[in-house]
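*Asks:* Any chance you can model this:
(2 chains)
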Amino acid sequence: MDWWLLSPEIIVATLALVLLILDFLLPAGVDRKKMGVFALIGLLAALLATLDIAGSKGQLFGGLLAVDNLSLFFKIIFILAAICVFLLAHDYLEKVPGHRGEFYWLTLTALLGMMITAASSELITIYIGIELMSLSFYPLVGCLKKNKASTEAALKYFILGSFAIAVWLYGAAILYGLTGTTDLAKIAAGLGKEAGPLMYFGLFLLLAGFGFKMGLVPFHMWVPDTYEGAPTPVTAYLAVGSKAAGFAVFLRLMFTAFPALYARWMVWLGILAVLTMTWGNIAALRQSNIKRLLAYSAIAHAGYTLIGVISFNATGAAAIMFYLFGYLFANLGAFAVVIAFANATGSEHIADYAGLRWRNPFLAFCLALCLLSLAGIPPLTGFFGKLYLFLGALERGGWLLTLVIIAAINSAISLFYYVNVIRTMYLLPPKDTGELKSSPLLNFTLVVTVAGVLLALFYFQPLIGALQANDLMSAAWLK
Amino acid sequence: MPWLSLLLVLPVLGALIIFCTPREQDKTVKAVALLIGILETVISLGLYFSYDFHKAGLQFIEEYNWITTLNIKYFLGVDGLSLPMVVLTTFIFLCAVLASWGMSHRVKEYFFLIMIMETAVLGVFTSLDLFLFFLFWELELIPMYLLIGIWGSARREYAAMKFIIYTMTGSAFLLAGFLAMYFLAPERTFDITQLAKAGFAPGVQSLLFVLIFLGFAVKLPVFPFHTWLPDAHVEAPAPVSMILAGVLLKMGGYGLIRINVGLLPEGVKAYIPLLATLAIINVLYGAYVALGQKDLKTMIAMSSVSHMGFVLLPVAAMTPLALNGAVLEMFAHGTVSALLFFCVGLIYERAHTREIKALEGGLAACVPKIAVAFIIGGLASLGLPGMSQFIAEFLVFLGSFPVLRLPTVLGTTGIVFTAGYILWAIKRIFYGPLNPKWAHLKDMQHSYEYLPVVILVGLTVLIGFYPALITNWSDSSLLAMLR
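*Replies:* This next block holds a predicted model:
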C-alpha cells in the first residue's frame, strides 16, 4: 500500500488531533487565534499534498478507499472550503467566546469525514465517513449555545440526520444481505441483470439517506432551519462541503454499484431532480432572510446537480465536479458578504441590505456577482457549470432534453429572487447611511472567491480538460 | 490587426477606466464614454467600407480554439448581414452617450453599464460560434436590468424585473436549442459555418426551430411575447430606450435571420403559415394598440412592435428580396425609433410629462427644432418616400408578395394605421394654438442635443436616398445564405 496516497488525510487527521489536545491543554483564558493560523498552514500543506498526488490512481486498505480523479478533486474542493471557512470564522467567532478552539478542530474532523466519504468505495467506510462528518457538524451547528435558533437548528439536524443515517444503514444492510458484500464494485457484480423488489427497496433507502445529505426534496426539511440557525461560517461549510461530499459518494455509488439498474433509478432521480429544483426555487421566492434564501437556493442547486448523475456518463460526472467547484466560490463569496454584513449590523434580513451599494460598494458588488453566478449568468462560473451539466444530459439524450428545459426555466425563475437582492442593494435607498466596514481578512476571502467566480472563462477549459483526460473513477463501463 | 476583437475590447476598456475614475469626476467619465463611442463608430465604419461585398461571405475572421474539450471556439467574423447591425450599434450607442450628457445621477455606474452593453451587443452581432453568441446575448441582460431599474421612471422596478424574467425565459429555450443543435450535428460543434453544412433532417430542424424561435421571439418581440416591451421602453430613461428600440430588438431579428433562416431553413418552411400570421398580428395589433395610447412613449414602443412585424414577415417569406428589406428595416427602424425616443426624452425633460393629452397645444411654436426632429422621425416611421423606412417596407412587401399574398396585403394596411397614430399625435402635440402652459419651454440649445438628431436624421435620409449603402452589403450575403 502506498501510504503517500493517504498523505492528505494523515495531515488533516494529525492536525485535528493536535488542535484538540492543544485546546484541552491551554488554559481557558488563552487566546486561541494562533490555533487558526496553525490550522491554515496545515490545510495548505494538505492541499499541496493533494495536488501533488493529483492524477494518480490506487486503492488503500485493500479497496476500502479509492484514490482516483473523483476523490482527489473533491478533496481539493473540501480543503478549499475549509480554508475559506477558517478565514470567514476568524472575526465571526468573537461572538462565541470560549468556543474558538473546538470550532477549529471540529471543522477539521468534519473535513476528514468528507475526505473519507468522497474516497470510500465500500458501504461501511461510507458510513464511517458520513458519520464522522455529521457528528462533527451537529455541535458546530449548535455552537452558538446561548442562541435559541442555533440550538434548535442543531437539534433538528441531529434528530433528522440520525434518522436518515439509520434509514441508510437499513438499506445498506439489505444490500449486503442480497449480495453478500459491501464492496461497491462487487455489489454490481453480485447484482447481475435481475433485481427483485427487495433490492429496489434497499436502493430506495440508500437514496433517502443520501437525499438527506444532499438536501433533495422531499428530504430537505432540515435545510432551511439548520442553515438559518447555524453560525454563518458553519452554514457556508454545510452548503459547500457537506453537500459536495454527499454528491461525491452518491455519484460513486450509483456509477459503480448500480449501473445495471440505471433504467429504473434514472426515472426516480429525474422526478426528484424536477421536484427539488422547482420547490427550492419557488420556496426561495418568498424568503426575507438571506440565509434562508441561500438555503432554498442550495436546495434548487442540488436539483440541478442531480442532472449530472442522471446523465450517467463521464461528462455528467465531470460536470458535477466542475459545477460544485464553481458553486464553492459563488456560495462562499455570498456567505462571506452575509458574514461581513452581520458582523457590522447584526442583521440577516434582506430588507436591511437596502442601499448597501452606498454603504460598502465592494461588498455589494461581490454579492451581486456571486448571486448572478448562482443564477447561471454568463460569463460567470455558475453558467459554465450549468452548461456542462446540460451537455452531459443531452449527450444521454431522450427525455433528458425535457429535464434540461425544465432546469433552464428554473434558472430563469431563480433569477427573480437573486436579482431581488441585487435590486435591494442597488436600487433602494439605504435606511442607515453610515459606512459599513468589513475586515481585511473577509475582503481577502471575497477577492479570492470573486476571482473564482469571474475567471471561469479562463479556467473552464484546463479544468475540464484535466478531468476528462483520465478516468474519473474505476467504473469499468465509463471508459 | 484583430479589428473585431478591438471593437469588443474597447468598450470593456472604457468601462474599466470609468470604474477606476474617482467618484466626483463626472466630466471625465462622460468624456471617456464619448471617446470610446467615437472610436467604435470610426472602427465600425472603417470595417464597413473595407468589407469587400463583391466577394461576399464572412470577412475579418478571427478564429481561435477556446474550450477544446467541447470544441468551442472564439470565432468572430462579419458579413453583409451583420455589418449593418454593427454600424447601427456603434451609431446608436454614440447617440445614446450624447443623449445622456445631461445625466447627473450615479453617472459613473451609468456609463459603466452602457459600455458593457455595447460590448455585449457587438459581441452578439459578430460572434460566429453559438456558445460565444449566447455568452454575449446574456451579458446584455443584467446591465439592461440595472439601467432600467435605477434610472427609469415611476414603475421602473416592475418593468426591469419583467424585462429580465421574459428575456431569461426566452434564453432558456435558446440555450436548449443551441445545445440540441450541438449534439445533433454530425460533428459536435457550435460553429455556425459548420452547422450551416450539417444538413439536419427536416423533422429535427422544425424541433430546433421552435426552441430557438422562442428565444428570439421574446427579444424581437413577437406577439404574444411582447408585453415586456411597452413597460421596459416606457420606464427606461430616454437614452436607454434608444438603445432598447435601436439595437436590442435587432438582436432578435438578426438571430432569426442568421440562425433560424440560415441554419434551419426547413424548420422555417414547416411553420410558414404560423410565422406569417404572427407577423401580421404584430403589425396590425401593434399599430392598433399604438392608436389608443395616451402616453407618447408607449405609442412609440407599440409602433416598434408593429414595425418588427415587418422583420418577421420576410423570415416567413424567405426570399432574398424580402430579407434585404428586413435588414434594411432593422437598420431604418433602429435610427428612426432612436430619434423618436430621443425627441420624447427632450420633451419630457422640459415638460415633465409624456401624456399626449397633457402636451396638447402648439408645441411647435415654442420648441420648433424639437418639433422638426420629431416630425421627421414620425414621417420616416410612417414610411414617407425619401426616408429609409419607406425603402425597407417597400422591399419587404415586394419580396413577400409573390410567396405570401394575403399576409402581405394585410401587412400593407399597417402603414395606414401607422400614418394614423403618428400624424394624429403630431397634430395634437405640435400644432394648434399655443398652450400658455408650455410657452416657457426652451428649445434645443446644446450641441449634445443637436448632434444625435443630426446623426440619426442624416442616416435616415442617406439610406432613404441611397439604400444601396445597405443592400449592396446585405444582398450578396443573404443570397449566399439562402443558396
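*Asks:* these two touch, right, residue B:418 and residue B:383?
*Replies:* Yes - with the criterion set as CB atoms under 8 Å, residue B:418 and residue B:383 qualify as a contacting pair; they are 7.0 Å apart. (C-beta placed from N, C-alpha, C; glycine too.)
*Asks:* so what's whichever residue of the stretch 151-300 of chain B sits closest to chain A up against?
*Replies:* Of the residues in the stretch 151-300 of chain B, the one nearest chain A is residue B:172, at a distance of 3.3 Å by CB to the nearest CB. Listed by CB atoms under 8 Å, 6 or more residues apart in numbering or on different chains, the contact partners of residue B:172 are A:405, A:408, A:409, A:411, A:412, B:215.
*Asks:* In which helix or strand does it reside?
*Replies:* Using DSSP states H and E, the element containing residue B:172 is helix B:156-184.
*Asks:* From the contact counts, what lies against the helix or strand following that helix?
*Replies:* Following the chain from helix B:156-184 toward its C-terminal end, the next helix or strand by DSSP H and E is helix B:192-196. If you count contacts as 3 or more CB pairs under 8 Å, 6 or more residues apart in numbering or on different chains; DSSP states H and E, helix B:192-196 packs onto helix B:130-139, helix B:262-263.
*Asks:* Convert the C-alpha atoms of the helix or strand following the last one to CSV, please.
*Replies:* Right, helix B:262-263. Sequence-wise, the next helix or strand beyond helix B:262-263 is helix B:265-270, with elements assigned using DSSP H and E. Output in CSV follows, covering the C-alpha atoms of helix B:265-270 (Å, rounded to 0.1, in the frame of the first residue of the first chain):
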residue,chain,number,x,y,z
PRO,B,265,-34.5,26.7,-43.5
GLU,B,266,-36.6,23.5,-43.4
GLY,B,267,-37.7,24.5,-40.0
VAL,B,268,-38.9,27.9,-41.3
LYS,B,269,-40.7,26.2,-44.1
ALA,B,270,-42.6,24.0,-41.7
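*Asks:* Check which residues of helix B:265-270 are buried.
*Replies:* Within helix B:265-270, the residues scored as buried using 16 or more other CB atoms under 10 Å in any protein chain shown are B:265, B:266, B:267, B:268, B:270.
*Asks:* where does the third one land on pLDDT?
*Replies:* Right, the one you point to is residue B:267. According to the per-residue confidence, residue B:267 scores 90 in pLDDT.
*Asks:* The last one now?
*Replies:* In this model, residue B:270 is scored at 91, pLDDT.
*Asks:* pLDDT of stretch A:101-116, averaged?
*Replies:* If you average the pLDDT over stretch A:101-116, you get 93.
*Asks:* what is the rounded mean pLDDT of stretch B:426-437?
*Replies:* Rounded to a whole number, the mean pLDDT of stretch B:426-437 is 86.
*Asks:* Give me the neighbour count for the nearest residue to residue A:256 once chain neighbours are set aside.
*Replies:* Once its chain neighbours are removed from consideration, residue A:256 has its nearest residue in residue A:184; the separation is 4.3 Å (CB to CB, 6 or more residues apart in numbering or on different chains). By the measure other CB atoms under 10 Å in any protein chain shown, the count of residues near residue A:184 is 27.
*Asks:* pretty sure residue A:184 contacts residue A:253?
*Replies:* Yes - here residue A:184 reaches residue A:253: they are 6.2 Å apart, a contact under CB under 8 Å.
*Asks:* mind listing what residue A:364 touches?
*Replies:* Contacts for residue A:364 (CB under 8 Å, 6+ apart) come out as A:356, A:357, A:425, A:426.
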